[in-house]
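Asks: turn this into a model:
(chains A and B)
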2 protein chains.
Amino acid sequence: MSPLYGAVEAGGTKFICAVGTGPDDLRAQIRIDTDTPQITLGQTCTFFRDAIAEHGPLAAVGVGCFGPIDLDRTSPTYGSITSTPKPGWANTDIVGHLSDALGLPVGFDTDVNTAALGEARWGAGAGLHSLLYLTIGTGIGGGAVADGCILHGLMHPEMGHIPVPHDRDRDPYEGCCPYHGDCLEGLASGPALLDRWGTPADRLPADHDAWSLEATYLGSALATFILTLSPQRILLGGGVMEQQHLFPRVRSETARILRGYL
Amino acid sequence: MSPLYGAVEAGGTKFICAVGTGPDDLRAQIRIDTDTPQITLGQTCTFFRDAIAEHGPLAAVGVGCFGPIDLDRTSPTYGSITSTPKPGWANTDIVGHLSDALGLPVGFDTDVNTAALGEARWGAGAGLHSLLYLTIGTGIGGGAVADGCILHGLMHPEMGHIPVPHDRDRDPYEGCCPYHGDCLEGLASGPALLDRWGTPADRLPADHDAWSLEATYLGSALATFILTLSPQRILLGGGVMEQQHLFPRVRSETARILRGYL
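Replies: Okay, the predicted model is just below:
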């Protein structure tokens, strides 16, 4: 019999918790609004205790968490959310709280890294050894799987903040990233679209100039990631990508920028 | 007793071959000018046969090779140089030639990937689990080690060709990459410096405008690689980096572009 695991998608708006042997066999699931750490983590632990009582013991709990988070296992703050602007959540020891309360091993990584791993194990990247998962929404973030494992390094990638070519004649918008101004996230995230055009992304018509510009920025970023990581597949998610017409434009801009090099 | 290995640094100008148990214990070494594949690979095999006769059997031979090369083990052309402009070398089966002639297992990767691995095992990255090796010279290339292994993917990274912000008011030069014009290599390689300023890099004085511009392009690239790969250390090599004053400038530009984000 496959062991039962607990899973948490810990976001700034909601925590989604589940228990099961895999994505096709979920025995219990809950959505918890993100409140203070004490309330939200308390509700999370209550859910898992109830699920254990009903379905049996869990082998471990895995957490994909909003960040930035500390993933350095040698660090005294390993397993914590570090410097988030989300009120009350800075310096919250997620791994410590869950492992103390539940007495279970806790796996911990960023939301985008765990999304990438999930897609590689069970989703659109099943059977591949390398892929990149990119979310384009309120923020832009990326997670990479290489040789079947999440790509870490010194900390974790922050792919949303790469510099991208910015033609100010075509796009005089300064960008909205509080750190970098016109990095990728500053130019191509949902808030950048709203700020530049005065209209939220989901209400910009498909023939609006916004989308060819958006495709250029995302195409430039994808070219960069392809040249740097060489993933077998790239998966695009997030609110901005819900505009279905954007996919073929991004694909075509990526190819145009690479100019047949690969 | 540690086993003896053969090593080949296969370049477009020269092949450096060696036999030893590690970099501090080389028993034999030779430099072979790169001529036709038949002549150069013939001399390479002769060197290894002579070394075996004198020093004993080799466990395997490792090759770091100029490219582009085919690293897909499921491909019929695995182990070959593919589409190089170097006359006579396109579609040369390096692994097949050496393993047939020597009857030994042959390890094969790009020159920059093997340089990254060598630095991680024995060099400036010893003890680290992740690093990036970047060479800035006639071309720009990078190799990454993550979790102690060379980062591959669909093929191999081509980090020299990433798009970088190009302020045409500051730098009207169009770039010299035959594929992309003003990609990183097109703006910051040795040939780009020569083409833009009419003077080779090693004769441009330290106070020349060339160097602050060069530092900006390399800083932008390093910021991108840090945000994408999060390496513990970045090693810079290649002819252009022989200008010692360039290191601190690149470091400072990288930090300026990241703006304390990490």
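Asks: in the stretch 51-200 of chain A, which spans are strands?
Replies: A:58-65, A:80-81, A:92-93, A:106-110, A:131-136, A:140-146, A:149-150 (DSSP state E, counting those that start in this stretch).
Asks: among those strands, which is the most enclosed?
Replies: Per residue and on average, the most neighbours among the strands of the stretch 51-200 of chain A fall to strand A:140-146, with a mean of 29 (mean count of other Cβ atoms under 10 Å in any protein chain shown). To be clear about C-beta, it is placed using only N, CA and C from the backbone, and glycine gets the same treatment.
Asks: what's that one packed up against?
Replies: helix A:111-122, strand A:131-136, helix A:184-188, helix A:209-229 (3 or more Cβ pairs under 8 Å, 6 or more residues apart in numbering or on different chains; DSSP states H and E).
Asks: again, 7 Å this time
Replies: helix A:111-122, strand A:131-136, helix A:184-188 (3 or more Cβ pairs under 7 Å, 6 or more residues apart in numbering or on different chains; DSSP states H and E).
Asks: just send the ones you listed back as CSV, with mean pLDDT too.
Replies: Below are those laid out as CSV (pLDDT from 0 to 100):
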stretch, mean pLDDT
helix A:111-122, 94
strand A:131-136, 96
helix A:184-188, 97
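Asks: adding distance to residue B:59, write those out as JSON lines.
Replies: Formatted as JSON lines, those follow (distance: least, Cβ to Cβ, whole Å):
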{"stretch": "helix A:111-122", "distance to residue B:59": "34"}
{"stretch": "strand A:131-136", "distance to residue B:59": "34"}
{"stretch": "helix A:184-188", "distance to residue B:59": "46"}
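Asks: columns distance to residue B:35 on top of the strands of the stretch 51-200 of chain A, output as CSV?
Replies: Shown next, in CSV, are the strands of the stretch 51-200 of chain A (distance: least, Cβ to Cβ, whole Å):
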stretch, distance to residue B:35
strand A:58-65, 55
strand A:80-81, 59
strand A:92-93, 63
strand A:106-110, 51
strand A:131-136, 41
strand A:140-146, 37
strand A:149-150, 42
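Asks: and the ones you listed, which one is worst for confidence?
Replies: Ranked by mean pLDDT, the strands of the stretch 51-200 of chain A end with strand A:149-150 at the bottom, a mean of 90.
Asks: can you name every helix or strand that that one contacts?
Replies: helix A:111-122.
Asks: so which helix or strand of chain A has the lowest pLDDT on average?
Replies: Within chain A, no helix or strand scores below strand A:149-150, which has a mean of 90 by mean pLDDT, DSSP states H and E.
Asks: contacts for that strand next, please.
Replies: Strand A:149-150 is contacted from outside by A:109, A:113, A:116-117, A:143, B:147, using Cβ atoms under 7 Å, 6 or more residues apart in numbering or on different chains.
Asks: swap in 10 Å and give it another go.
Replies: Contact with strand A:149-150 is made by A:71, A:109-110, A:112-114, A:116-117, A:120, A:129-130, A:143-144, A:156-157, B:146-147, B:149, as judged by Cβ atoms under 10 Å, 6 or more residues apart in numbering or on different chains.
Asks: any idea how far apart the tips of stretch A:167-186 sit?
Replies: Taking Cα to Cα, to the nearest Å, stretch A:167-186 runs 14 Å from one end to the other.
Asks: spit out the contact partners of the closest residue to residue A:112 other than its chain neighbours.
Replies: The shortest distance from residue A:112 to any residue other than its chain neighbours is 3.8 Å, reached at residue A:143 (Cβ to Cβ, 6 or more residues apart in numbering or on different chains). Residue A:143 is in contact with A:64, A:109-120, A:131-135, A:150-151, A:156-157, A:159, A:235, counting by Cβ under 10 Å, 6+ apart.
Asks: how far out from the middle of the chain is stretch A:98-109?
Replies: 21 Å (Cα atoms, centre = their mean, to the nearest Å).
Asks: touching chain B at all, it?
Replies: No: using Cβ under 10 Å from any Cβ of the partner chain, stretch A:98-109 never reaches chain B; the gap is at least 12.9 Å.
Asks: dump that stretch to CSV, restricted to CA.
Replies: Extracted C-alpha coordinates of stretch A:98-109, given in CSV (Å, rounded to 0.1, in the frame of the first residue of the first chain):
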residue,chain,number,x,y,z
LEU,A,98,4.5,21.9,11.5
SER,A,99,7.1,19.3,12.6
ASP,A,100,6.7,20.2,16.3
ALA,A,101,2.9,20.1,16.1
LEU,A,102,2.6,16.9,14.0
GLY,A,103,5.8,15.0,14.8
LEU,A,104,6.4,14.4,11.1
PRO,A,105,9.2,15.0,8.6
VAL,A,106,8.4,18.2,6.7
GLY,A,107,9.6,18.8,3.1
PHE,A,108,9.9,22.5,2.3
ASP,A,109,10.5,24.5,-0.8
